[in-house]
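Asks: turn this into a model:
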Amino acid sequence: MAAAEGLTAQAIARLTPLARVKAILGGSAGNLVEWYDWFAYASFSLYFAKVFFPKGDQTDQLLQTAGVFAVGFFARPVGAWVMGLYADRAGRKAALMLSVLMMCAGSLIVAVTPGYAAIGVAAPVILTAARILQGLSVGGEYGASATYMSEMAGRARRGFWSSFQFVTLIGGQLTALAVLIVLQQTLSTRDLDAWGWRVPFVIGALLAVVVFWIQNGLEETASFRVEQARERGGETSRGATMLLFTRHPRETAMIFALTAGGSLAFYCFTTYMQKFLTNTAHYSKTTATEITAVSLLMFLIIQPLFGWIGDHVGRRTLLAAAFGLGALTTWPIMHAIAVSHDAALALALVCGALVILAGYTSVNAVVKSELFPTNVRALGVALPYALANAVFGGTAESVALAFKRAGHEFYFYLYVSAVLVVACSVALRMRDTQKTSLIAED
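Replies: Numbers count the residues shown, from 1 in each chain. Next up, the predicted model:
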(Lines give C-alpha, C1' and ligand atoms only; values in the text may rest on other atoms or scores of the structure.)
Protein backbone atom coordinates (compact mmCIF):
# COMPACT_ATOMS: atom_id res chain seq x y z
CA MET A 1 0.00 0.00 0.00
CA ALA A 2 2.82 2.39 0.85
CA ALA A 3 4.48 1.69 -2.50
CA ALA A 4 1.24 2.48 -4.34
CA GLU A 5 0.79 5.74 -2.43
CA GLY A 6 4.37 6.73 -3.18
CA LEU A 7 3.87 5.98 -6.86
CA THR A 8 0.74 8.14 -6.89
CA ALA A 9 2.56 11.10 -5.37
CA GLN A 10 5.46 10.78 -7.82
CA ALA A 11 3.14 10.51 -10.83
CA ILE A 12 1.10 13.58 -9.86
CA ALA A 13 4.24 15.62 -9.18
CA ARG A 14 5.65 14.70 -12.60
CA LEU A 15 2.47 15.58 -14.52
CA THR A 16 2.96 19.29 -15.23
CA PRO A 17 0.28 21.32 -17.08
CA LEU A 18 2.29 20.97 -20.29
CA ALA A 19 2.66 17.22 -19.78
CA ARG A 20 -1.08 16.95 -19.15
CA VAL A 21 -1.88 18.76 -22.40
CA LYS A 22 0.60 16.58 -24.28
CA ALA A 23 -1.03 13.45 -22.87
CA ILE A 24 -4.54 14.65 -23.74
CA LEU A 25 -3.54 15.53 -27.31
CA GLY A 26 -1.57 12.32 -27.80
CA GLY A 27 -4.34 10.18 -26.39
CA SER A 28 -6.93 11.87 -28.56
CA ALA A 29 -4.91 11.63 -31.80
CA GLY A 30 -5.80 7.98 -32.20
CA ASN A 31 -9.40 8.75 -31.44
CA LEU A 32 -9.49 11.24 -34.33
CA VAL A 33 -8.05 8.76 -36.82
CA GLU A 34 -10.28 5.94 -35.58
CA TRP A 35 -13.41 8.01 -36.06
CA TYR A 36 -12.21 9.46 -39.34
CA ASP A 37 -11.96 5.93 -40.73
CA TRP A 38 -15.25 4.91 -39.12
CA PHE A 39 -17.19 7.86 -40.55
CA ALA A 40 -15.49 7.77 -43.96
CA TYR A 41 -17.70 4.78 -44.65
CA ALA A 42 -20.87 6.74 -43.84
CA SER A 43 -19.73 9.89 -45.64
CA PHE A 44 -18.80 8.14 -48.89
CA SER A 45 -21.55 5.51 -48.93
CA LEU A 46 -23.57 7.77 -51.25
CA TYR A 47 -20.90 7.06 -53.88
CA PHE A 48 -19.84 3.45 -53.30
CA ALA A 49 -23.26 1.96 -52.42
CA LYS A 50 -23.91 0.98 -56.03
CA VAL A 51 -20.36 -0.39 -56.43
CA PHE A 52 -21.01 -3.13 -53.86
CA PHE A 53 -24.81 -3.28 -54.10
CA PRO A 54 -25.80 -2.49 -57.71
CA LYS A 55 -29.41 -3.70 -57.56
CA GLY A 56 -32.42 -1.52 -56.68
CA ASP A 57 -32.92 2.23 -56.37
CA GLN A 58 -30.91 4.65 -54.20
CA THR A 59 -32.92 3.90 -51.05
CA ASP A 60 -32.40 0.15 -51.51
CA GLN A 61 -28.67 0.62 -52.04
CA LEU A 62 -28.37 2.88 -48.99
CA LEU A 63 -30.34 0.37 -46.92
CA GLN A 64 -27.81 -2.32 -47.81
CA THR A 65 -24.80 -0.14 -47.01
CA ALA A 66 -26.55 0.91 -43.78
CA GLY A 67 -26.92 -2.79 -42.98
CA VAL A 68 -23.15 -3.27 -43.29
CA PHE A 69 -22.73 -0.13 -41.17
CA ALA A 70 -24.90 -1.78 -38.50
CA VAL A 71 -22.90 -5.03 -38.70
CA GLY A 72 -19.79 -3.04 -37.83
CA PHE A 73 -21.61 -1.71 -34.79
CA PHE A 74 -22.46 -5.21 -33.62
CA ALA A 75 -18.76 -6.04 -33.71
CA ARG A 76 -18.07 -3.15 -31.36
CA PRO A 77 -19.26 -4.91 -28.15
CA VAL A 78 -16.83 -7.75 -28.86
CA GLY A 79 -14.04 -5.26 -29.41
CA ALA A 80 -15.07 -3.37 -26.29
CA TRP A 81 -15.02 -6.53 -24.21
CA VAL A 82 -11.68 -7.85 -25.47
CA MET A 83 -9.91 -4.49 -25.62
CA GLY A 84 -11.47 -3.32 -22.34
CA LEU A 85 -9.98 -6.34 -20.60
CA TYR A 86 -6.69 -5.69 -22.37
CA ALA A 87 -6.65 -2.02 -21.33
CA ASP A 88 -7.34 -2.94 -17.70
CA ARG A 89 -4.59 -5.57 -17.71
CA ALA A 90 -1.90 -4.35 -20.12
CA GLY A 91 -2.54 -0.62 -19.89
CA ARG A 92 -4.48 2.17 -21.61
CA LYS A 93 -1.54 3.01 -23.89
CA ALA A 94 -1.17 -0.57 -25.17
CA ALA A 95 -4.87 -0.76 -25.97
CA LEU A 96 -4.82 2.54 -27.84
CA MET A 97 -1.94 1.39 -30.04
CA LEU A 98 -3.49 -1.98 -30.85
CA SER A 99 -6.82 -0.37 -31.75
CA VAL A 100 -5.29 2.03 -34.25
CA LEU A 101 -3.40 -0.81 -35.99
CA MET A 102 -6.65 -2.75 -36.41
CA MET A 103 -8.34 0.29 -37.93
CA CYS A 104 -5.43 0.72 -40.33
CA ALA A 105 -5.92 -2.84 -41.59
CA GLY A 106 -9.69 -2.42 -41.98
CA SER A 107 -9.31 0.77 -44.00
CA LEU A 108 -6.75 -0.77 -46.34
CA ILE A 109 -9.08 -3.67 -47.07
CA VAL A 110 -11.93 -1.32 -48.02
CA ALA A 111 -9.58 0.75 -50.19
CA VAL A 112 -8.41 -2.16 -52.35
CA THR A 113 -11.50 -4.41 -52.55
CA PRO A 114 -12.89 -4.68 -56.11
CA GLY A 115 -16.58 -3.98 -56.73
CA TYR A 116 -19.49 -6.34 -57.37
CA ALA A 117 -19.00 -6.12 -61.13
CA ALA A 118 -15.48 -7.56 -60.81
CA ILE A 119 -15.79 -10.28 -58.13
CA GLY A 120 -19.53 -10.66 -57.58
CA VAL A 121 -20.92 -11.44 -54.14
CA ALA A 122 -17.39 -11.62 -52.71
CA ALA A 123 -17.25 -7.81 -52.84
CA PRO A 124 -19.95 -7.10 -50.22
CA VAL A 125 -18.68 -10.04 -48.15
CA ILE A 126 -15.16 -8.57 -47.99
CA LEU A 127 -16.62 -5.12 -47.29
CA THR A 128 -18.56 -6.58 -44.38
CA ALA A 129 -15.46 -8.34 -43.03
CA ALA A 130 -13.47 -5.10 -43.18
CA ARG A 131 -16.28 -3.28 -41.41
CA ILE A 132 -16.30 -5.91 -38.67
CA LEU A 133 -12.56 -5.38 -38.15
CA GLN A 134 -13.16 -1.63 -37.91
CA GLY A 135 -15.98 -2.28 -35.45
CA LEU A 136 -13.68 -4.32 -33.23
CA SER A 137 -11.14 -1.48 -33.37
CA VAL A 138 -13.58 1.33 -32.54
CA GLY A 139 -15.19 -0.76 -29.81
CA GLY A 140 -11.84 -1.02 -28.09
CA GLU A 141 -10.71 2.54 -28.83
CA TYR A 142 -13.59 4.28 -27.08
CA GLY A 143 -13.05 2.68 -23.67
CA ALA A 144 -9.28 3.04 -23.76
CA SER A 145 -9.45 6.63 -24.99
CA ALA A 146 -12.19 7.78 -22.61
CA THR A 147 -10.43 6.16 -19.67
CA TYR A 148 -6.98 7.46 -20.59
CA MET A 149 -8.15 11.05 -21.07
CA SER A 150 -10.32 11.08 -17.94
CA GLU A 151 -7.48 9.73 -15.81
CA MET A 152 -5.06 12.27 -17.27
CA ALA A 153 -7.46 15.23 -17.10
CA GLY A 154 -7.12 16.23 -13.42
CA ARG A 155 -9.91 16.74 -10.91
CA ALA A 156 -10.43 20.51 -11.23
CA ARG A 157 -11.06 20.61 -14.99
CA ARG A 158 -11.88 16.99 -15.75
CA GLY A 159 -15.05 17.85 -17.67
CA PHE A 160 -13.24 20.41 -19.81
CA TRP A 161 -10.24 18.25 -20.69
CA SER A 162 -12.16 15.01 -21.19
CA SER A 163 -14.49 16.83 -23.61
CA PHE A 164 -11.65 16.64 -26.11
CA GLN A 165 -12.45 12.95 -26.44
CA PHE A 166 -15.59 13.96 -28.31
CA VAL A 167 -13.83 16.89 -29.98
CA THR A 168 -11.61 14.37 -31.72
CA LEU A 169 -14.53 12.03 -32.40
CA ILE A 170 -16.34 14.86 -34.20
CA GLY A 171 -13.03 15.96 -35.68
CA GLY A 172 -12.67 12.55 -37.29
CA GLN A 173 -16.13 12.78 -38.78
CA LEU A 174 -15.49 16.35 -39.91
CA THR A 175 -12.19 15.36 -41.50
CA ALA A 176 -13.97 12.64 -43.44
CA LEU A 177 -16.48 15.19 -44.67
CA ALA A 178 -13.69 17.65 -45.52
CA VAL A 179 -12.02 15.00 -47.66
CA LEU A 180 -15.36 14.37 -49.33
CA ILE A 181 -15.85 18.09 -50.06
CA VAL A 182 -12.34 18.39 -51.53
CA LEU A 183 -12.92 15.36 -53.73
CA GLN A 184 -16.33 16.68 -54.80
CA GLN A 185 -14.68 19.93 -55.88
CA THR A 186 -11.70 18.35 -57.64
CA LEU A 187 -13.13 15.18 -59.19
CA SER A 188 -16.07 14.62 -61.49
CA THR A 189 -19.04 12.61 -60.24
CA ARG A 190 -18.00 9.83 -62.60
CA ASP A 191 -14.50 9.66 -61.09
CA LEU A 192 -15.89 9.74 -57.55
CA ASP A 193 -18.21 6.86 -58.36
CA ALA A 194 -15.48 4.90 -60.12
CA TRP A 195 -12.43 5.26 -57.86
CA GLY A 196 -12.42 8.56 -55.90
CA TRP A 197 -14.35 7.07 -52.97
CA ARG A 198 -11.33 4.82 -52.26
CA VAL A 199 -9.02 7.78 -51.55
CA PRO A 200 -10.26 8.52 -47.99
CA PHE A 201 -9.62 4.94 -46.89
CA VAL A 202 -6.03 5.11 -48.13
CA ILE A 203 -5.59 8.40 -46.23
CA GLY A 204 -7.01 6.82 -43.08
CA ALA A 205 -4.62 3.89 -43.21
CA LEU A 206 -1.62 6.20 -43.60
CA LEU A 207 -2.77 8.44 -40.75
CA ALA A 208 -3.11 5.41 -38.50
CA VAL A 209 0.57 4.59 -38.98
CA VAL A 210 1.52 8.14 -37.94
CA VAL A 211 -0.66 7.99 -34.83
CA PHE A 212 0.79 4.62 -33.83
CA TRP A 213 4.22 6.25 -33.77
CA ILE A 214 2.89 9.19 -31.70
CA GLN A 215 1.17 6.96 -29.16
CA ASN A 216 4.29 4.89 -28.68
CA GLY A 217 5.73 7.91 -26.86
CA LEU A 218 2.77 8.41 -24.50
CA GLU A 219 3.04 8.06 -20.74
CA GLU A 220 0.79 5.56 -18.95
CA THR A 221 -1.75 7.01 -16.51
CA ALA A 222 -1.01 7.24 -12.79
CA SER A 223 -4.27 5.41 -12.01
CA PHE A 224 -3.22 2.35 -13.97
CA ARG A 225 0.32 2.29 -12.57
CA VAL A 226 -1.01 2.55 -9.03
CA GLU A 227 -3.38 -0.33 -9.75
CA GLN A 228 -0.45 -2.38 -11.05
CA ALA A 229 1.38 -1.77 -7.77
CA ARG A 230 -1.70 -2.78 -5.77
CA GLU A 231 -2.10 -5.97 -7.75
CA ARG A 232 1.53 -6.90 -7.19
CA GLY A 233 0.88 -6.38 -3.50
CA GLY A 234 -2.12 -8.71 -3.65
CA GLU A 235 -4.62 -5.95 -2.80
CA THR A 236 -6.75 -6.18 -5.93
CA SER A 237 -7.33 -7.98 -9.23
CA ARG A 238 -7.80 -6.33 -12.57
CA GLY A 239 -9.95 -6.73 -15.65
CA ALA A 240 -12.36 -9.50 -14.65
CA THR A 241 -15.58 -9.44 -16.70
CA MET A 242 -17.76 -10.87 -13.93
CA LEU A 243 -16.63 -8.11 -11.56
CA LEU A 244 -18.36 -5.64 -13.84
CA PHE A 245 -21.75 -7.34 -13.65
CA THR A 246 -21.65 -8.67 -10.10
CA ARG A 247 -20.26 -5.58 -8.35
CA HIS A 248 -21.35 -2.77 -10.67
CA PRO A 249 -24.66 -3.81 -12.28
CA ARG A 250 -26.37 -0.47 -11.63
CA GLU A 251 -23.55 1.56 -13.14
CA THR A 252 -23.39 -0.77 -16.15
CA ALA A 253 -27.14 -0.41 -16.76
CA MET A 254 -26.94 3.37 -16.37
CA ILE A 255 -24.20 3.67 -19.00
CA PHE A 256 -26.25 1.52 -21.36
CA ALA A 257 -29.31 3.76 -20.97
CA LEU A 258 -27.40 7.04 -21.24
CA THR A 259 -25.53 5.82 -24.30
CA ALA A 260 -28.72 4.57 -25.94
CA GLY A 261 -30.20 8.07 -25.91
CA GLY A 262 -26.98 9.88 -26.71
CA SER A 263 -25.80 7.64 -29.54
CA LEU A 264 -29.22 7.41 -31.21
CA ALA A 265 -29.57 11.21 -31.22
CA PHE A 266 -25.97 11.63 -32.37
CA TYR A 267 -26.33 9.33 -35.36
CA CYS A 268 -29.72 10.80 -36.17
CA PHE A 269 -28.37 14.35 -36.46
CA THR A 270 -24.95 13.54 -37.94
CA THR A 271 -24.43 10.47 -40.16
CA TYR A 272 -28.11 9.88 -41.00
CA MET A 273 -28.75 13.59 -41.45
CA GLN A 274 -26.62 13.62 -44.60
CA LYS A 275 -28.92 10.99 -46.15
CA PHE A 276 -32.04 12.62 -44.71
CA LEU A 277 -31.17 15.93 -46.37
CA THR A 278 -30.84 14.27 -49.79
CA ASN A 279 -33.39 11.47 -49.59
CA THR A 280 -36.20 13.29 -47.74
CA ALA A 281 -35.57 17.04 -47.87
CA HIS A 282 -34.30 16.72 -51.49
CA TYR A 283 -31.14 18.78 -51.20
CA SER A 284 -28.27 17.93 -53.53
CA LYS A 285 -25.50 15.63 -52.30
CA THR A 286 -23.07 18.56 -52.26
CA THR A 287 -25.43 20.81 -50.26
CA ALA A 288 -26.18 18.01 -47.80
CA THR A 289 -22.46 17.42 -47.28
CA GLU A 290 -21.81 21.13 -46.71
CA ILE A 291 -24.67 21.46 -44.20
CA THR A 292 -23.40 18.43 -42.32
CA ALA A 293 -19.80 19.71 -42.33
CA VAL A 294 -20.65 23.21 -41.06
CA SER A 295 -22.94 21.88 -38.32
CA LEU A 296 -20.25 19.42 -37.20
CA LEU A 297 -17.65 22.19 -37.06
CA MET A 298 -19.93 24.16 -34.74
CA PHE A 299 -20.56 20.99 -32.72
CA LEU A 300 -16.82 20.40 -32.34
CA ILE A 301 -16.10 23.96 -31.20
CA ILE A 302 -18.69 23.98 -28.41
CA GLN A 303 -17.60 20.70 -26.77
CA PRO A 304 -14.98 22.27 -24.43
CA LEU A 305 -17.44 25.04 -23.52
CA PHE A 306 -20.06 22.52 -22.43
CA GLY A 307 -17.39 20.47 -20.65
CA TRP A 308 -16.44 23.62 -18.73
CA ILE A 309 -20.12 24.26 -17.94
CA GLY A 310 -20.38 20.71 -16.63
CA ASP A 311 -17.45 21.37 -14.28
CA HIS A 312 -19.40 24.29 -12.80
CA VAL A 313 -23.09 23.29 -12.80
CA GLY A 314 -22.66 19.53 -12.42
CA ARG A 315 -22.52 16.82 -15.03
CA ARG A 316 -25.81 15.22 -13.99
CA THR A 317 -27.67 18.51 -14.55
CA LEU A 318 -26.14 18.88 -18.00
CA LEU A 319 -27.07 15.33 -18.99
CA ALA A 320 -30.67 15.62 -17.84
CA ALA A 321 -31.12 18.95 -19.66
CA ALA A 322 -29.68 17.55 -22.90
CA PHE A 323 -31.90 14.49 -22.92
CA GLY A 324 -35.02 16.34 -21.81
CA LEU A 325 -34.71 19.11 -24.39
CA GLY A 326 -33.77 16.58 -27.04
CA ALA A 327 -36.93 14.57 -26.39
CA LEU A 328 -39.07 17.71 -26.73
CA THR A 329 -37.45 19.08 -29.89
CA THR A 330 -36.58 16.07 -32.08
CA TRP A 331 -39.96 15.84 -33.80
CA PRO A 332 -40.34 19.55 -34.63
CA ILE A 333 -36.74 19.83 -35.81
CA MET A 334 -36.84 16.76 -38.06
CA HIS A 335 -40.22 17.74 -39.52
CA ALA A 336 -39.06 21.31 -40.17
CA ILE A 337 -35.95 20.06 -41.97
CA ALA A 338 -38.01 17.64 -44.06
CA VAL A 339 -40.24 20.42 -45.44
CA SER A 340 -37.58 23.14 -45.61
CA HIS A 341 -36.48 24.56 -48.94
CA ASP A 342 -33.79 26.85 -47.56
CA ALA A 343 -30.33 25.42 -46.87
CA ALA A 344 -29.61 28.14 -44.28
CA LEU A 345 -32.74 27.18 -42.34
CA ALA A 346 -31.87 23.50 -42.49
CA LEU A 347 -28.36 24.30 -41.21
CA ALA A 348 -29.76 26.34 -38.32
CA LEU A 349 -32.11 23.50 -37.34
CA VAL A 350 -29.36 20.88 -37.40
CA CYS A 351 -27.09 23.18 -35.35
CA GLY A 352 -29.86 23.71 -32.81
CA ALA A 353 -30.26 19.97 -32.34
CA LEU A 354 -26.50 19.51 -31.92
CA VAL A 355 -26.22 22.32 -29.36
CA ILE A 356 -28.75 20.45 -27.22
CA LEU A 357 -26.92 17.16 -27.74
CA ALA A 358 -23.60 18.74 -26.65
CA GLY A 359 -24.85 18.56 -23.06
CA TYR A 360 -24.39 14.80 -23.34
CA THR A 361 -21.43 14.44 -25.68
CA SER A 362 -19.14 16.86 -23.83
CA VAL A 363 -19.25 15.01 -20.50
CA ASN A 364 -20.22 11.46 -21.41
CA ALA A 365 -16.67 10.08 -21.28
CA VAL A 366 -15.82 11.51 -17.86
CA VAL A 367 -19.19 10.57 -16.33
CA LYS A 368 -18.72 6.96 -17.36
CA SER A 369 -15.10 6.83 -16.23
CA GLU A 370 -15.95 8.29 -12.80
CA LEU A 371 -18.52 5.56 -12.13
CA PHE A 372 -15.97 2.70 -11.99
CA PRO A 373 -12.85 1.84 -9.97
CA THR A 374 -9.55 1.56 -11.84
CA ASN A 375 -9.46 -2.26 -12.03
CA VAL A 376 -12.57 -2.46 -14.28
CA ARG A 377 -12.77 1.13 -15.54
CA ALA A 378 -11.85 0.60 -19.21
CA LEU A 379 -14.11 -2.44 -19.48
CA GLY A 380 -16.91 -0.70 -17.58
CA VAL A 381 -16.78 2.32 -19.86
CA ALA A 382 -16.41 0.37 -23.11
CA LEU A 383 -18.74 -2.64 -22.91
CA PRO A 384 -22.14 -1.13 -22.01
CA TYR A 385 -21.37 1.81 -24.29
CA ALA A 386 -20.64 -0.50 -27.22
CA LEU A 387 -23.73 -2.63 -26.55
CA ALA A 388 -25.99 0.41 -26.54
CA ASN A 389 -24.30 1.77 -29.65
CA ALA A 390 -24.86 -1.51 -31.45
CA VAL A 391 -28.55 -1.67 -30.54
CA PHE A 392 -29.44 2.01 -30.97
CA GLY A 393 -26.65 3.94 -32.72
CA GLY A 394 -25.67 1.36 -35.31
CA THR A 395 -29.26 0.68 -36.35
CA ALA A 396 -30.35 4.35 -36.50
CA GLU A 397 -29.99 4.66 -40.27
CA SER A 398 -31.55 1.26 -40.95
CA VAL A 399 -34.54 1.99 -38.71
CA ALA A 400 -35.03 5.45 -40.23
CA LEU A 401 -34.81 4.16 -43.81
CA ALA A 402 -37.12 1.24 -43.02
CA PHE A 403 -39.75 3.63 -41.65
CA LYS A 404 -39.34 5.75 -44.77
CA ARG A 405 -39.73 2.72 -47.03
CA ALA A 406 -42.93 1.80 -45.13
CA GLY A 407 -44.31 5.32 -45.62
CA HIS A 408 -44.20 6.29 -41.93
CA GLU A 409 -40.99 8.27 -41.63
CA PHE A 410 -42.30 10.31 -38.70
CA TYR A 411 -42.29 7.13 -36.57
CA PHE A 412 -38.52 7.49 -36.46
CA TYR A 413 -38.86 10.92 -34.84
CA LEU A 414 -41.09 9.37 -32.16
CA TYR A 415 -38.63 6.54 -31.64
CA VAL A 416 -35.70 8.92 -31.02
CA SER A 417 -37.80 11.01 -28.62
CA ALA A 418 -38.91 7.97 -26.63
CA VAL A 419 -35.36 6.71 -26.11
CA LEU A 420 -34.28 10.21 -25.02
CA VAL A 421 -37.06 10.25 -22.41
CA VAL A 422 -35.69 7.03 -20.91
CA ALA A 423 -32.16 8.44 -20.87
CA CYS A 424 -33.39 11.62 -19.19
CA SER A 425 -35.11 9.67 -16.41
CA VAL A 426 -31.88 7.75 -15.75
CA ALA A 427 -29.82 10.94 -15.67
CA LEU A 428 -32.18 12.49 -13.14
CA ARG A 429 -31.78 9.49 -10.82
CA MET A 430 -28.01 9.03 -11.01
CA ARG A 431 -25.55 10.44 -8.51
CA ASP A 432 -23.46 13.46 -9.46
CA THR A 433 -20.14 11.87 -10.39
CA GLN A 434 -18.41 15.22 -10.00
CA LYS A 435 -18.85 14.80 -6.25
CA THR A 436 -18.49 11.00 -6.04
CA SER A 437 -15.80 10.32 -8.66
CA LEU A 438 -13.90 7.04 -8.29
CA ILE A 439 -10.87 8.45 -10.08
CA ALA A 440 -8.72 8.86 -6.99
CA GLU A 441 -5.55 10.16 -8.64
CA ASP A 442 -5.66 13.83 -9.63
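Asks: I'd say Asn364 and Ser163 touch.
Replies: No: with contacts defined as Cβ atoms under 8 Å, Asn364 does not count as touching Ser163, sitting 9.3 Å away. To be clear about C-beta, it is placed using only N, CA and C from the backbone, and glycine gets the same treatment.
Asks: so how far is Glu34 from Leu264?
Replies: From Leu264 across to Glu34, the span is 20 Å (Cβ to Cβ, to the nearest Å).
Asks: my error: substitute Gly79 in the last question.
Replies: Counting by Cβ to Cβ, the gap from Gly79 to Glu34 is 11 Å.
Asks: who's more crowded, those two?
Replies: Glu34 (30 against 27; other Cβ atoms under 10 Å).
Asks: so what's the more buried one closest to, chain neighbours aside?
Replies: Spatially, and ignoring its direct neighbours in sequence, Glu34 is nearest to Glu141 (4.6 Å; Cβ to Cβ, 6 or more residues apart in numbering).
Asks: check which helices and strands the host helix or strand of the one you found sits against.
Replies: Glu141 belongs to helix 122-153 when elements are defined using DSSP states H and E. Contact analysis of helix 122-153 by 3 or more Cβ pairs under 8 Å, 6 or more residues apart in numbering; DSSP states H and E lists helix 17-52, helix 58-90, helix 92-112, helix 158-162, helix 164-186, helix 222-232, helix 364-370, helix 377-388 as its packing neighbours.
Asks: and the residue nearest the centre of the chain, what does it touch?
Replies: For the chain, Leu169 is the residue whose C-alpha lies nearest the centre (Cα atoms, centre = their mean; 5.7 Å). Leu169 sits next to 31-32, 35, 361 when contact means Cβ atoms under 8 Å, 6 or more residues apart in numbering.
Asks: among these, which one lies nearest to Thr252?
Replies: Closest to Thr252 out of those is Thr361 (20.4 Å), distances taken as Cβ to Cβ.
Asks: surely that closest one meets Phe266?
Replies: Yes: using Cβ under 8 Å, Thr361 is in contact with Phe266, at 6.8 Å.
Asks: pass me the low-pLDDT residue ranges in the chain, would you?
Replies: 1-17, 56-59, 154-156, 231-240, 437-438, 440-442 (pLDDT under 70).
Asks: go ahead and confirm Glu397 touches Gly67.
Replies: No: counting by Cβ under 8 Å, Glu397 does not reach Gly67; the two are 9.0 Å apart.
Asks: out of these two, which sits in the more crowded spot?
Replies: For Glu397 versus Gly67, the count of surrounding residues by other Cβ under 10 Å is larger for Glu397: 26 against 16.
Asks: so what's the more buried one up against?
Replies: 42, 62, 66, 69-70, 267, 271-272, 275.
Asks: and those as CSV, adding neighbour count and distance to Ala118?
Replies: Output for these, formatted as CSV (neighbours: other Cβ atoms under 10 Å; distance: Cβ to Cβ, whole Å):
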residue, neighbour count, distance to Ala118
Ala42, 21, 24
Leu62, 24, 22
Ala66, 25, 23
Phe69, 24, 22
Ala70, 20, 25
Tyr267, 23, 31
Thr271, 24, 28
Tyr272, 22, 30
Lys275, 24, 26
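Asks: list just the nearest of those residues to Phe256.
Replies: For those, the nearest to Phe256 is Tyr267 (16.2 Å; Cβ to Cβ).
Asks: pretty sure the closest one contacts Ala390?
Replies: No: with contact defined as Cβ under 8 Å, Tyr267 does not reach Ala390; the gap is 11.7 Å.
Asks: helices of the stretch 301-442 of the chain, residue ranges please.
Replies: 315-339, 343-361, 364-370, 377-388, 396-406, 410-429, 433-436 (DSSP state H, counting those that start in this stretch).
Asks: now, of those helices, which is deepest in the fold?
Replies: Highest mean neighbour count among the helices of the stretch 301-442 of the chain (mean count of other Cβ atoms under 10 Å): helix 377-388, with a mean of 30.
Asks: packing partners for it?
Replies: helix 58-90, helix 122-153, helix 241-247, helix 249-269, helix 364-370.
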